[in-house]
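Undergrad: Below are the sequence and a predicted model; questions follow.
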Amino acid sequence: EIPLDTALIESLMVRKGHDRTRRLSWYYAPSFILLWLSLFYAIVIPLYNRLPDRVSMAEESFKPGQFVGERAQKQLYVYDRIGPKVTGTYANEVTTVAFLVNEVEKIREEMRSDLYELELDIQSPTGSYVFNEMVNMYQGIHNVIVKLSAKSSPSESYLLVNSHFDSKPTSPGSGDDGTMVVVMLEVLRQMSISETPFQHPIVFLFNGAEENPLQGSHGFITQHKWAPNCKAFINLEVGGSGGRDLLFQSGPNNPWLMKYYRKHAEHPFATTMAEEIFQSGILPSDSDFRIFRDYGNIPGLDIAQINNGYVYHTPFDTYEAVPGRAVQNSGNNILALVRGYSNASELLEKSDDEGHAIFFDFLGLFFIYYTETTGIVLNCVIGVISLLLVGVSIWRMAQQSDEASIKDISITFLIILGLHVFGFILCICLPLLMAVIFDAGDRSLTYFTSNWLVFGLFICPAVVGLVIPLTLYYTWKPSDTISHPYHLQLSLHAHLVFFAFLALILTAMGFRSQYLSVISMIFYGGALLINLLTKLHDRGNCGLQITHLETLLKIPSCAGYYWAIVVMVLQVLPFCYFCYLFYTFLVIFFPVLGRNGYSTNPDLFIALFCGLCTFFALGFAVQFINMFRWPKLIILSLGVVTFIFCMIAVSEVGFPYRAKTNVMRVNCLHTRRYFYEFDGTLSHNDSGYYFDYQDRRALNPFKDSKLDITGLQPVKQDCNKYVMCGVPCFYYSWCRWREWDGWLPRKSEVIVPGELNFLLLSKTVTQSNNTARFEFQLSGPAHMNVFIQPLGEAKVADWSFVKKMLEEPDEYELPYQIFFSYGTDATPLRFYIDVWKPDGDFSVQSLEIAAAGHFVSLDYERDAEARKFLANFPDYVHIMEWPSIFKRYIY
């Protein structure tokens, strides 16, 4: 007979039976979620923003050979005070050129003339090429070019380092690209005073026409005497003002470039994913990298500062907006890279290494790169190992389970895998749905200033979508044979299998960004291997006796969740990396989407990135929501958070724009238009304001302002009447989306501060081949367009421009666009167009052609009514504006 006290103890301590669904108490869940949020703010954000201290001129003697940030900033101050530097203006073509020449001569005075030779050349090239959908022509622009070579080296292989000194209208360009201009000057100085000579000459190209676009680099690489000797390049850009400099393009091919970057970059910041995104054309920008690659056939690096893109191409891109530590960071990197590449043996002869490189930095702490071929092998091997580990895990579960066979567990796993795939679809689609809803309510870009809104608007829905299918499955279909810890392990295995197949698919498609899947597989596969070897994995089979004490203390029995500790510890590093990576892209895309045009819903991009970030960074971690009791309540709480954020987003907090810091961009040309008919008569002329919408909200925010836009009409209604819809779109990026633009008629005439002369010099009909040659002459301001539209059955058979558009007619849409700009050489542009018609009858309309002139500089006066109109824009608006003239003719 058992004593009464012993029976009481046993009844308290032991309860026979099975409880395979034991979970942690629900109130641990908020701490679990806050843990990951705190990791983001405690690790990711500080490492992302980490910058070196600025080296002062007073410290230079104690730090020989180091980049001196203070000197570069002093030069930047002088550069900034020149003001806007638009191609064709005195400020750009004379003042800034003189500034650069003066700084180079100062460096010459300090240079170790016993070791080095410095050559300075001012180039004024003229040329043309096809850029996207237009012929891009330039005449008499200016490049300042310096070659520094060691007297002891006979090498004829040069390293090219490039930046540009011109800027957009109204912007002094201290960030874009003044920061890199002064970085190059200080790098030039440090190299010229170094006691350790380098092997290969270095060409420093300060090009004066990048914003036009990319004319200065084209003029150098196709025409300059030093260009054929350039064997590699470093292109330096700024996409905002400050921050770290991101390596976002490399190659093409030549993985050795990454070898040197890894060895020499002091503050690595790079990712293959940025290269693939940039080259996809998603971002509305381009760089000189493209010109050196396509026209110089040389490999190189494209590096840019990316922070604070809100001031990019605005009056707020000033000296004051450029942090000294950011200049120091870029200077440290570029000086180290120039030293490395200028001694690279690969410059002497073409490297045998072909193929792209896969590269990325890990939280700025170190840099990893490997070739694309190595990546393919790595992906396949790790993918197969991951699948094997999952198979071993399922087998071990069956061995440890008394009631579930390997068949039962496998079927359950396939169900979970299917639900997980559905969860991935929801993880992406729910944020996209939020984006569609907000756009439908004219509430896009709510995160433009208040970036933190994306947590509630997009990330919480992504988490809900990812986890809810399995949560409902565990609620409605509890298993009597498989323990809940094993179910959780199977859900994590499903995520691993998804990544394995994703890596294999992306590898087959040629995407190098599949390295993200490999990172996920390595860390979870490692955790699974540890759990298998330590047998923590087996403790997930909670079919043992459960004590009353465990019940009272609400502790899961048999240490069934201890394996989860290993998983979560090993998820910290991939979580931090994926947050770091996707945060980088959000820092880029938040401001970029304020200038991405009207035609596309920008919230879709942010929603997609947030969904992908959630899937990669939290894909394993969020499965542990089902480790707690009442997981549906946790999911409901996330839904409530989303609702609260939605209410905040539709309030004043969610209004996208702020004066001076997060401005709304508006392109507005006060335009005078003339329409001449076939008989030479002027059929119509008018004046108005042509708006090239920069973001999704167009001019809607002005409806309740004092700005009078009554009568605003879409340009699209004139697209069938006039060539190029009858508007002076500046260049290809404007013309591409012209149908979405707006036209606001003006009663009084726009007073244009100059002339645009377009003359038909001759017309020669050749009956033998049914063609007519039209010869024209164009003169006017430093920026002009010609739009060419053959009528009826007529076709352009030949012209004096670059022939590529005519040789590849299927690649280019009508009307043809010609963009022409000049620096100091205002010689009129003469050209001819040969038009072919099947009947050879040129006594009827055959050719519609328009000329547009742009008085871009602030040196040109705006008329009184235009100034009054522009003054009525709200203070949160930056207006890029100038007078323009448009003349349409029919021949």
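TA: Noted; the coordinates are in hand.
Undergrad: contacts, neighbours, all on C-alpha from now
TA: Fine.
Undergrad: What separation is there between residue 766 and residue 777?
TA: Distance, residue 766 to residue 777, by C-alpha to C-alpha, to the nearest Å: 21 Å.
Undergrad: Surely residue 616 touches residue 578?
TA: Yes: using C-alpha atoms under 8 Å, residue 616 is in contact with residue 578, at 6.5 Å.
Undergrad: Contacts for stretch 397-416 next, please.
TA: Where contact means C-alpha atoms under 8 Å, 6 or more residues apart in numbering, the residues beyond stretch 397-416 that reach it are 394, 395, 470, 481, 482, 486, 490, 491, 494, 538, 541.
Undergrad: Apart from its chain neighbours, what residue comes closest to the fifth one?
TA: For residue 482, ignoring the flanking residues on the chain, the nearest one in space by C-alpha to C-alpha, 6 or more residues apart in numbering is residue 404 at 6.3 Å.
Undergrad: what's the pLDDT at the one you found?
TA: As predicted, residue 404 sits at a pLDDT of 82.
Undergrad: swap in residue 658?
TA: 96.
Undergrad: which non-adjacent residue is nearest it?
TA: residue 876 (5.2 Å).
Undergrad: Enumerate every residue touching that neighbour.
TA: Contact analysis of residue 876 by C-alpha under 8 Å, 6+ apart lists 657, 658, 659, 660, 662, 663, 664.
Undergrad: same check, this time on residue 139
TA: Taking C-alpha under 8 Å, 6+ apart, one finds 124, 125, 126, 127, 820, 821, 822, 823, 825, 826 in contact with residue 139.
Undergrad: What is the most widely separated pair among those?
TA: 124 and 820 (15.4 Å; C-alpha to C-alpha).
Undergrad: thinking again about what came up before, by neighbour count, which of the contacts of residue 876 wins?
TA: residue 664 (27 neighbours; other C-alpha atoms under 10 Å).
Undergrad: how close does the residue lying closest to that one once chain neighbours are set aside get to residue 319?
TA: Closest residue to residue 664 apart from its sequence neighbours, by C-alpha to C-alpha, 6+ apart: residue 877 at 4.6 Å. Using C-alpha to C-alpha, we find residue 877 at a distance of 21 Å from residue 319.
Undergrad: And for residue 112?
TA: Residue 112 is 31 Å from residue 319, by C-alpha to C-alpha.
Undergrad: Between the two, point out the one with more neighbours.
TA: Set residue 112 next to residue 319 and count neighbours by other C-alpha under 10 Å: residue 319 wins out with 23 against 16.
Undergrad: doesn't residue 78 make contact with that one?
TA: No: assessed by C-alpha under 8 Å, residue 319 is found out of contact with residue 78, at 9.1 Å.
Undergrad: Going along the chain, name the helices of the stretch 51-200 of the chain.
TA: 69-81, 90, 97-110, 180-193 (DSSP state H, counting those that start in this stretch).
Undergrad: so of these, which one's packed in deepest?
TA: Stretch with highest mean neighbour count among these: helix 180-193 (a mean of 24; mean count of other C-alpha atoms under 10 Å).
Undergrad: Show me the contact partners of it.
TA: 65-68, 71-73, 75-76, 103-104, 107, 110-112, 116, 148, 161, 163-165, 204, 206, 236-238, 327, 330-331, 334-335, 339.
Undergrad: Run the chain-centre distance for the helix or strand just after that helix.
TA: Later in the chain than helix 180-193, the nearest helix or strand by DSSP states H and E is strand 202-207. Distance of strand 202-207 from its chain centroid, counting by C-alpha atoms, centre = their mean, to the nearest Å, is 25 Å.
Undergrad: Kindly report the same for stretch 166-178.
TA: The answer for stretch 166-178 is 19 Å, by C-alpha atoms, centre = their mean.
Undergrad: repeat for stretch 163-183
TA: 19 Å.
Undergrad: do stretch 646-661 as well
TA: With C-alpha atoms, centre = their mean, you get 23 Å for stretch 646-661.
Undergrad: Keeping just the C-alphas, turn it into PDB.
TA: What follows is stretch 646-661, C-alpha atoms only, in PDB (Å, rounded to 0.1, in the frame of the first residue of the first chain):
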ATOM      1  CA  CYS A 646      -3.000  52.500 -42.300                       C
ATOM      2  CA  MET A 647      -4.800  55.100 -40.200                       C
ATOM      3  CA  ILE A 648      -1.500  56.900 -39.600                       C
ATOM      4  CA  ALA A 649      -0.600  56.700 -43.300                       C
ATOM      5  CA  VAL A 650      -3.800  58.400 -44.400                       C
ATOM      6  CA  SER A 651      -3.200  61.200 -41.900                       C
ATOM      7  CA  GLU A 652      -0.900  64.200 -42.300                       C
ATOM      8  CA  VAL A 653       2.000  61.900 -41.200                       C
ATOM      9  CA  GLY A 654       1.600  60.000 -44.400                       C
ATOM     10  CA  PHE A 655       1.800  63.100 -46.600                       C
ATOM     11  CA  PRO A 656       4.900  62.300 -48.700                       C
ATOM     12  CA  TYR A 657       6.600  65.700 -49.000                       C
ATOM     13  CA  ARG A 658       8.500  68.000 -46.700                       C
ATOM     14  CA  ALA A 659      10.100  71.300 -47.500                       C
ATOM     15  CA  LYS A 660      13.800  71.300 -48.300                       C
ATOM     16  CA  THR A 661      14.400  67.700 -47.100                       C
END
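Undergrad: contacting residues around it?
TA: For stretch 646-661, the external contacting residues (C-alpha under 8 Å, 6+ apart) are 310-311, 316, 443, 445-450, 453, 456-457, 662-664, 875-877.
Undergrad: what comes up buried for it?
TA: 646, 648, 649, 650, 654, 655, 656, 657, 660 (16 or more other C-alpha atoms under 10 Å).
Undergrad: Can you show me the helices along the stretch 501-650 of the chain?
TA: With DSSP H, counting those that start in this stretch as the criterion, the stretch 501-650 of the chain has helices spanning 515-534, 548-553, 562-592, 603-618, 631-649.
Undergrad: okay if I get these as a markdown table plus distance to residue 293 and mean pLDDT?
TA: Shown next, in a markdown table, are those (distance: least, C-alpha to C-alpha, whole Å; pLDDT from 0 to 100):
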| stretch | distance to residue 293 | mean pLDDT |
| --- | --- | --- |
| helix 515-534 | 25 | 95 |
| helix 548-553 | 67 | 43 |
| helix 562-592 | 24 | 95 |
| helix 603-618 | 28 | 96 |
| helix 631-649 | 44 | 95 |
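Undergrad: right, and these - which one's nearest residue 501?
TA: Residue 501 sits nearest to helix 515-534 of all the helices of the stretch 501-650 of the chain, at 9.2 Å, using C-alpha to C-alpha.
Undergrad: For the closest one, which residues meet the burial criterion?
TA: Buried residues in helix 515-534 (16+ other C-alpha under 10 Å): 515-532.
Undergrad: so what secondary structure elements neighbour that helix?
TA: If you count contacts as 3 or more C-alpha pairs under 8 Å, 6 or more residues apart in numbering; DSSP states H and E, helix 515-534 packs onto helix 372-400, helix 484-509, helix 562-592, helix 603-618.
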